[in-house]
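> model the following, please.
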Amino acid sequence: MSPRPEAPARTRRHLLTAAAVLFVLGLTVWSANGIGVSLVELFSNLGRMGRLIDDSFPPAWSFWPRLIKPLLETLQIAIIGTIFGSILALPLAILAARTVSPSRPLYWLNRNIMNVLRTMPDLFWAMLFASAVGFGPFAGALALTVFTVAVVSKLTSESIESIDMKLTEAVRASGGNWLETVFFSVLPQALPQYVSYVLYALELNVRASTVLGLVGAGGIGMVLNTQRTTFQYDRVTMIVLFVFLVVMLIEQLSAAARRRLV
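From the prediction side, this is the model:
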């Protein structure tokens, strides 16, 4: 009896799966050796980790009143970065959308601008702006503005490329120019997704603004770094809990708003 037709295909799938597993295992071993991963060193330092946990609990509850002002500054950094970045991201997203951009060179130019902005992490922009305008919340707001442009423009351009082009063609057929096409057909379809992405960027920026403080970009991150360098781990735990509660609250409010929009 001749083998069933699907047998060779099944064999190929098994061989491809085995090859993929071996490739991933080899890549893991190569990466572990490259960065010096050592389970022996990990387990030998568990005692040190235990002492760190002991120093971190219970949290310094009396420290929380001193966190209100830097936390508000962190929120202000995130809000300014989100608003300014979202405003700049919208025209960039429109020009970088393949189905809407008025010309091919303009499309590629804006695509490459988006790629450059996404290539550099927010910490890089924070250090760059801190060197340019000095340490403080203004540098953090500028860094998050660039970060927001990178995130929102990318997501919004992809949403614009997936809109219903029949309405766009109808505006053009009635004599509308490019700007009229954007205002009367593209934006009405893309705005709900755009606002959703802006709210998502705000969530990211609240978290990011905490980290940016570690490089002198203002906010509660600077307080966190100070307590960490002075080994006040009970205060570090209090800061982490404080930020966690605020981030969770903002995330729930943002998620509820996005559910109503999309």
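> Phe184 against Ser174, yeah?
No - the criterion here is C-beta atoms under 8 Å, and Phe184 misses it with Ser174 at 9.5 Å. (Glycine included, C-beta is placed from N, CA and C.)
> and the two? which has more neighbours close in?
Using other C-beta atoms under 10 Å as the criterion, Phe184 and Ser174 rank with Phe184 on top: 15 against 10.
> okay, now the nearest residue to that one once chain neighbours are set aside: neighbour count?
With sequence-adjacent residues excluded and distances taken as C-beta to C-beta, 6 or more residues apart in numbering, Phe184 is closest to Val171, at 5.3 Å. Number of residues near Val171 (other C-beta under 10 Å) recorded here: 18.
> chain center to whatever helix or strand Val171 lives in, what's the gap?
Secondary structure from DSSP states H and E places Val171 in helix 165-173. Taking C-alpha atoms, centre = their mean, to the nearest Å, one finds the center of helix 165-173 at 34 Å from the center of the full chain.
> same thing with stretch 33-52?
Worked out by C-alpha atoms, centre = their mean, stretch 33-52 lies 30 Å from the chain centre.
> and that stretch, how far apart are its ends?
Stretch 33-52 has its terminal residues 27 Å apart, counting by C-alpha to C-alpha, to the nearest Å.
> what mean pLDDT does that stretch get?
Computed over stretch 33-52, the mean pLDDT rounds to 80.
> ok, back up a step: so what does the helix holding Val171 touch, helix or strand wise?
helix 178-181 (3 or more C-beta pairs under 8 Å, 6 or more residues apart in numbering; DSSP states H and E).
> the stretch 101-250 of the chain: helices as residue ranges?
Here the stretch 101-250 of the chain has its helices, by DSSP state H, counting those that start in this stretch, at 104-119, 122-133, 137-161, 165-173, 178-181, 187-212, 220-229, 233-261.
> tell me which residues are up against the shortest one.
It refers to helix 178-181. Here helix 178-181 makes contact (C-beta atoms under 8 Å, 6 or more residues apart in numbering) with 100, 102, 168, 171-172.
> go through that helix and flag the buried ones.
Under the neighbour-count criterion of 16 or more other C-beta atoms under 10 Å, helix 178-181 has Thr181 buried.
> residues in contact with Leu142?
Per C-beta under 8 Å, 6+ apart, neighbours of Leu142: 81, 125, 129, 133.
> pLDDT at it, what is it?
pLDDT, Leu142: 93.
> go on, the one 10 residues further on?
On the pLDDT scale, Val152 is placed at 95.
> what is the three-state secondary structure of the closest residue to it other than its chain neighbours?
Nearest non-adjacent residue to Val152, counting by C-beta to C-beta, 6+ apart: Ala89, 3.8 Å away. Assigned by DSSP: H, G, I helix; E, B strand; the rest coil, the conformation of Ala89 is helix.
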